[in-house]
Structure formats: C-alpha cells, structure tokens
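> Show me the folded form of this:
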Amino acid sequence: EVQLVESEGGLVQAGGSLRLSCTASEFLFDDFSIGWFRQAPGKEREGVSCISSSDGNTYYADSVKGRFTISSDNAKNAVYLQMNSLKPEDTAVYYCAAYYYCSELDGLQYWGQGTQVTVSS
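Okay, the predicted model is just below:
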C-alpha cells in the first residue's frame, strides 16, 4: 500500500521553527528517496528537500538552504524536515513525497495529502 503521512503543520511567526515528520510505507522507503515539496497558492510546485535512500546524501532548494534540515530514521520509515528561520514566503502546503531523482528534486512518484505551514510576518 502506498502511504505517505505527514504530521500536522501549523502557524508560526517569522523567524520561528517548525518540524514536520513523514511516515512512509516500507516499500516506498526501500525503493525511493523520500523528501518534501511545497506549493503555495498561485505558485508552481517547488521541490524543497530530499534524502537519498542509497547514500544518505541530502539535497535542498536554494530557497531553503541553510535554514531547513532533512533527516531520516530508517527503523521507523520516517523522514523529518526541521525548518528554522522561517519566512512568510515559506507559507505553503508541504507534501512528503517519493522521488526518483533525489539530487534534482525531481521525478515525483507518490506524495501524501499535504500539511499547511503558515508563517506570519
């Protein structure tokens, strides 16, 4: 069964932090790299981050580099996104996703239902 379940997002003030978690089906965790993308109203989908299933390398969009950190717990089939120094432009629905091309934040295959993150100024 394909399953990607995100934790609840939330409302946070600019400069604040939030941690998202995602639990994936075991076969997704084994066969794909898991990461995150986001979509804000009226904007295109943006790949945010990914952690490679083969070597554990991490990849980030330029817009979040230095502020967001992705990590994983293989024993729990879980991936986390620690978001620090949040900005209003980070406001979006965040989706946990299975990627084919982790390093390029491309090749989305499956994704969860999404969770809203709102950053107030």
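> So residue 101 is in contact with residue 107, correct?
Yes - contact status for residue 101 versus residue 107: in contact at 3.9 Å, counting by CB atoms under 8 Å. To be clear about C-beta, it is placed using only N, CA and C from the backbone, and glycine gets the same treatment.
> Would you mind listing the buried residues in the worst-scoring helix or strand of the chain on mean pLDDT?
Every helix and strand of the chain was ranked by mean pLDDT, DSSP states H and E. The lowest is helix 26-31, at a mean of 88. Of the residues in helix 26-31, those scored as buried under the neighbour-count criterion (16 or more other CB atoms under 10 Å) are 28-29.
> One more: stretch 92-102?
Applying a neighbour-count criterion of 16+ other CB under 10 Å, one finds 92-99, 102 buried in stretch 92-102.
> so what's residue 119 up against?
11-14, 16, 86-91 (CB atoms under 8 Å, 6 or more residues apart in numbering).
> for this protein, what's the longest strand?
With DSSP state E applied, the strand covering the greatest number of residues in the chain is identified as strand 92-101.
> Could you spell out the sheet neighbours of the helix or strand just after that one, each with its direction?
The element immediately downstream of strand 92-101 (helix or strand, assigned by DSSP states H and E) is strand 106-111. Paired neighbours of strand 106-111 in the sheet (DSSP bridges): strand 92-101 (antiparallel).
> Outside of the partner strand itself, list whatever touches it.
4-6, 9, 20, 22, 24, 28, 31-40, 43, 46-48, 50, 79, 81, 105-117.
> Give the buried subset of those as a ChimeraX selection command.
Selection of buried members from the contacts of strand 92-101 for ChimeraX, criterion 16+ other CB under 10 Å:
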select :4,6,9,20,22,24,28,32,33,34,35,36,37,38,47,48,50,79,81,105,108,110,111,112,114,115,117
